[in-house]
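# Here is a sequence together with a model predicted from it:
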Amino acid sequence: MDAVLANGLESRQDLYWTLHSVFVKKREQRPVYDEAFRIYWQTHGLVEKMLSILSPVAPSGQREPEKPKAGQTRIANAFEQNKKRPAKETVPQVEVDAKFTVSGKELLQKKDFAQMNQQEIDEAKRAISALQMPVDLVKTRRLVAAPRGRIDPRRTMQASVRHGTDAIELKMRRPALKHPPIVALCDISGSMTQYTRLILHFLHALTESRNNVHTFLFGTRLTNITRSLKRKDPDEALDACTQDVEDWSGGTRIAASIGEFNKVWARRVLSGNPVVLLITDGLERESDENLSTEMDRLHRSCRRLVWLNPLLRFEGFEARAKGIRAMLPHVDEFRTVHSLEAVSGLCEALSGSRSSLEVDPKRYLEA
């Protein structure tokens, strides 16, 4: 209030930036503040009423409604929670016998992403953000000090010289442990849009929990969105991804996209023995004989190649498509990715646990 009184009220823009200077302390807070300011004032036009009273000239005309921006969902939920609720005594108490019913949370876990309404999609996004991220660790060539392991000659001699004693205290070292890199290649064709958008929320949460995660989107071309997913706010991150990609919900060129990745990006992001997540239905729009060759090259460049295919949700799924049969021999794991339960199973698999949703790729090749 002191800042507003000191700066004065002449326009909405002045009020916006005055409050901005007070409330916004970090870069990632700006989109949240922007949505809070817009949502709070847009319904009743309180800014215009204040300006008409305090300013000599009131603003004329009506502004066109702005497009939804990042952070809108979070701000709307915050305002909704502050609304007055009916008193407890006015709410009728209803006892429900739920012994033979299935909870909504359990149904949501198994529901197909493509069949969810907007409210269920929002709940799925929150559930994905709350998932326990993979905790897998692998040994590296770098050695670190440890109470047990191999003898560290350098530290042992330094300790002996420093203390000036004849007795030698052995110092030990062992290989350092770190999270293995994860590289995700996500199909954004029309048949994969519903699944890819929610998987990007999972990859955003995964990017926040570790440093070495690289994400690429491909349809008719390959796009690196790793930098966009590093933004703190998930809505802002996905909005940036949408702006970076030009071929969203278009066709699919799997062979050309994987070939471009192998040629341009493989040496940059496939160091450190990574795990590669290939998220696609395998329905190639063009008959490309190089698909098997590019898949083989990708498979040889990583520690594990995990194919996530939403078509596995069908019990009668068969590998009849030419593209699917070309890709199957070169994958280590074949999994579905159509529901929250499948995403949770993926977290367990990346942590080194076995999951019931994993399918042997050879099963479909033999069939």
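Sure thing, it's come through.
# What is the burial count for the closest residue to Lys178 other than its chain neighbours?
Leaving aside its chain neighbours, Lys178 sits nearest to Thr140 (5.7 Å; criterion: Cβ to Cβ, 6 or more residues apart in numbering). The C-beta positions use only the backbone N, C-alpha and C, and glycine is treated the same way. Around Thr140 there are 14 other residues, counting by other Cβ atoms under 10 Å.
# What of Ile188?
Neighbours of Ile188 (other Cβ under 10 Å): 25.
# give the contact list for it.
Thr196, Leu217, Phe218, Gly219, Val245, Asp247, Trp248, Ser249, Gly250 (Cβ atoms under 8 Å, 6 or more residues apart in numbering).
# which of the residues you listed lies closest to Lys230?
Leu217 (15.1 Å; Cβ to Cβ).
# do you know how far that closest one is from Arg320?
For Leu217, the distance to Arg320 (Cβ to Cβ, to the nearest Å) stands at 27 Å.
# These two: who's more crowded?
More neighbours surround Leu217 than the other of Leu217 and Arg320, with 25 against 9 (other Cβ under 10 Å).
# Quickly find the element holding that one.
strand 213-218 (DSSP states H and E).
# so where's the stretch 151-300 of the chain shaky on pLDDT?
Along the stretch 151-300 of the chain, segments meeting pLDDT under 70 span 165, 285-288.
# just the helices in it please.
153-163, 193-209, 226-229, 234-244, 254-260, 266-269, 291-300 (DSSP state H, counting those that start in this stretch).
# Can you lay out those helices as JSON lines showing mean neighbour count and distance to Phe37?
Output for these, formatted as JSON lines (neighbours: other Cβ atoms under 10 Å; distance: least, Cβ to Cβ, whole Å):
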{"stretch": "helix 153-163", "mean neighbour count": "12", "distance to Phe37": "57"}
{"stretch": "helix 193-209", "mean neighbour count": "21", "distance to Phe37": "25"}
{"stretch": "helix 226-229", "mean neighbour count": "18", "distance to Phe37": "24"}
{"stretch": "helix 234-244", "mean neighbour count": "19", "distance to Phe37": "16"}
{"stretch": "helix 254-260", "mean neighbour count": "22", "distance to Phe37": "41"}
{"stretch": "helix 266-269", "mean neighbour count": "15", "distance to Phe37": "39"}
{"stretch": "helix 291-300", "mean neighbour count": "19", "distance to Phe37": "47"}
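# Take those and lay them out in JSON lines including distance to Gly345.
As requested, the helices of the stretch 151-300 of the chain are exported to JSON lines (distance: least, Cβ to Cβ, whole Å):
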{"stretch": "helix 153-163", "distance to Gly345": "43"}
{"stretch": "helix 193-209", "distance to Gly345": "12"}
{"stretch": "helix 226-229", "distance to Gly345": "22"}
{"stretch": "helix 234-244", "distance to Gly345": "22"}
{"stretch": "helix 254-260", "distance to Gly345": "24"}
{"stretch": "helix 266-269", "distance to Gly345": "25"}
{"stretch": "helix 291-300", "distance to Gly345": "22"}
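# so which of those gets nearest Gln109?
Comparing these under Cβ to Cβ, the one sitting nearest is helix 193-209, at 13.2 Å.
# Go ahead and confirm Glu341 touches Leu107.
No. Contact status for Glu341 versus Leu107: not in contact, 10.7 Å apart, counting by Cβ atoms under 8 Å.
# Name the residue in these two with the higher neighbour count.
With neighbours defined as other Cβ under 10 Å, Glu341 and Leu107 compare such that Glu341 has more, 17 against 10.
# tell me which element the more buried one falls in.
For Glu341, the element it lies in under DSSP H and E is helix 340-350.
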